[in-house]
Structure formats: C-alpha cells, structure tokens
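[1] Sequence first, then the predicted structure:
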Amino acid sequence: MRESRFELQRERCGSPVVLPQPRAASLHRNQIARGSPGFTLLEIAVVIFIMALVMSLAMPYFGGFQGEQLKSEARRLAGRATYLYDQAATQKVIYRMTFDLDHDAYFVMRLDPYSPRPTFVPYSDIGEAMVAMPEGVKLRDVSVGGIGSAKTGRISCQFYPDGYVDATVVHMMTISGKVLTVSINPLTGSVAVESGDVPPVEALVMAQ
C-alpha cells in the first residue's frame, strides 16, 4: 500500500501544468482566421459622395483662379508690347517678339541696325528672357500682319525705330475655354485687351 501511494504521488507531481493563454493573443488568432473585414457598399458610396462634393466645390474656385492668371498674363503681354514700342523709337533699334506656340511661351530679341554687324540678340532688360504661360493658360493662336496666323510653331512681330509695329493679335485661353484677345495697333502701338474671341480685324480696330 505504501509503494502504490508513493507512485501515485509521483505521477501527480510530474504531470505538466497547462497555463491559460492571454485573451489578446486568442483574439488576434481569431481575427487572422476570420480575415480582415472589408468596406461595405454603403461606406464606399459615402466616400464617393464626399469626393464628388469636394470636387464640385473646388472646380469653380479653380476656374476663377485660372481666369485671374489669364488676365494677369494678358496684362503682362500688353505692358511689354507698349514698352517695346516706346523703346524702339527712343533707342532707334528693332525689337522682335517671338511667340513659341508649341511651348506656350514668348521671348524678345534686340537688333541695333547701326552696329557694325547687326544681329538679333536676346533681350531680358524687362524681365525674364523667356516668358512661359502658367499651367492652365496657353497661347491659342497669333496673327501678324504680312505674315498670317499660326497655331503651332513660332511666329514673330517686330517693333521698329520709326514708330511702327507689325499689326499683331494674340488669343490666349484657359484649359476651361475662357479666351482673351490682345491686339497691338501698328500705327499707334496701342494695346487692347478684350474679353472673348475677337477676330483680328475687329481687335485691331479696338486697339486704336
């Protein structure tokens, strides 16, 4: 009887003890087993609705911002043309304004006809040598008297020392379709900025 009691007690002492597992670990395994929950159709619909609402509120502001940029660029072009007309007569030189329609930019060159070797050189005394349109604004087309109209490539107008400039009409526009017309009168050098798509003949009359 004593021996059997001893063996029974040894078996009880040697039996492994099983500890309870933490609750968090158990829940983590259950989540992995079930998979991560996805979005419901209602949640997706709400997100799409919010995005559409934000876009509808932002678009008018974005269009207005581009419109202001368009006006600013038209005024800058008009101011530069007026300055070149005056300087050509004062300094007795020729200025050439070239429009790069493929890159929505323009630049100015200067030629001194009384120099030993007259040649056009870049002119940047009035600001950047190359004026590029901001994003959302482009040069749609340019018409120059005696040359014609262009929508691609390059086309130039010139300011002469005798107080004359090539009749020039520039149509500038935003990507939303708003158009401004800038025209340079050949006899007076007056520059007009008109809202809308004004034909060249009418635009030059407005610039008198």
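    Looks like it arrived, so ask away. Residues are numbered from 1 along each chain as shown.

[2] what about the nearest residue to residue 187 once chain neighbours are set aside, how many residues close to it?
    Take residue 187 and drop its neighbours on the chain: the residue closest to it by Cβ to Cβ, 6 or more residues apart in numbering is residue 164, 7.0 Å away. C-beta coordinates here come from the backbone N, C-alpha and C atoms, glycine included. Counted with other Cβ atoms under 10 Å, the neighbours of residue 164 add up to 16.

[3] How confident was the prediction at residue 164?
    Note for residue 164: predicted pLDDT of 95.

[4] in the protein, which spans are helices?
    2-14, 23-34, 41-91, 200-206 (DSSP state H).

[5] that older thread, and the residue nearest to residue 187, how far is that from residue 86?
    Applying Cβ to Cβ, to the nearest Å, one obtains 13 Å for the distance of residue 164 from residue 86.

[6] now do residue 110
    Applying Cβ to Cβ, the value for residue 110 to residue 86 is 14 Å.

[7] Look at these two and report which has more neighbours.
    Taking other Cβ under 10 Å, residue 110 and residue 86 do not tie; residue 110 has more neighbours (20 against 13).

[8] In contact with residue 107: list those residues for me.
    Residue 107 makes contacts with 97-98, 100, 122, 129-131, as judged by Cβ atoms under 8 Å, 6 or more residues apart in numbering.

[9] and with 7 Å instead?
    Residues counted as contacts of residue 107 (Cβ atoms under 7 Å, 6 or more residues apart in numbering) are 98, 129-131.

[10] tally of neighbours for the residue nearest to residue 183 when sequence neighbours are not counted?
    In space, not counting the residues next to it along the chain, residue 183 is nearest to residue 203; the distance is 3.7 Å by Cβ to Cβ, 6+ apart. Neighbour count for residue 203, taken as other Cβ under 10 Å: 24.

[11] what's the pLDDT at residue 203?
    87.

[12] Any figure for the gap between the residue nearest the centre of the chain and residue 179?
    For the chain, the residue nearest the mean C-alpha position is residue 135 (1.6 Å; Cα atoms, centre = their mean). Using Cβ to Cβ, one obtains 17 Å as the distance from residue 135 to residue 179.

[13] and stretch 191-208, how far out from the chain's middle?
    Between the centre of stretch 191-208 and the centre of its host chain there is 26 Å, according to Cα atoms, centre = their mean, to the nearest Å.

[14] Run through who's touching it.
    Outside stretch 191-208, the residues that touch it by Cβ under 7 Å, 6+ apart are 74-75, 78, 81-82, 143, 167, 169, 171, 179-185, 188, 190.

[15] Tell me where the protein is predicted with low confidence.
    Low-confidence segments of the chain, defined by pLDDT under 70, are located at 1-38, 49, 52-65, 127.

[16] who's in contact with the closest residue to residue 100 other than its chain neighbours?
    Of all residues beyond its chain neighbours, the one nearest residue 100 is residue 154 (5.4 Å), with distances taken as Cβ to Cβ, 6+ apart. The neighbours of residue 154, taking Cβ under 7 Å, 6+ apart as the test, are 98-100.

[17] Mind doing that once more with 10 Å?
    Taking Cβ atoms under 10 Å, 6 or more residues apart in numbering as the contact definition, residue 154 lies against 98-103, 105-107, 142.

[18] Bridge partners for residue 130, pull those for me.
    Note on residue 130: beta-bridge partners by DSSP bridges are residue 107.
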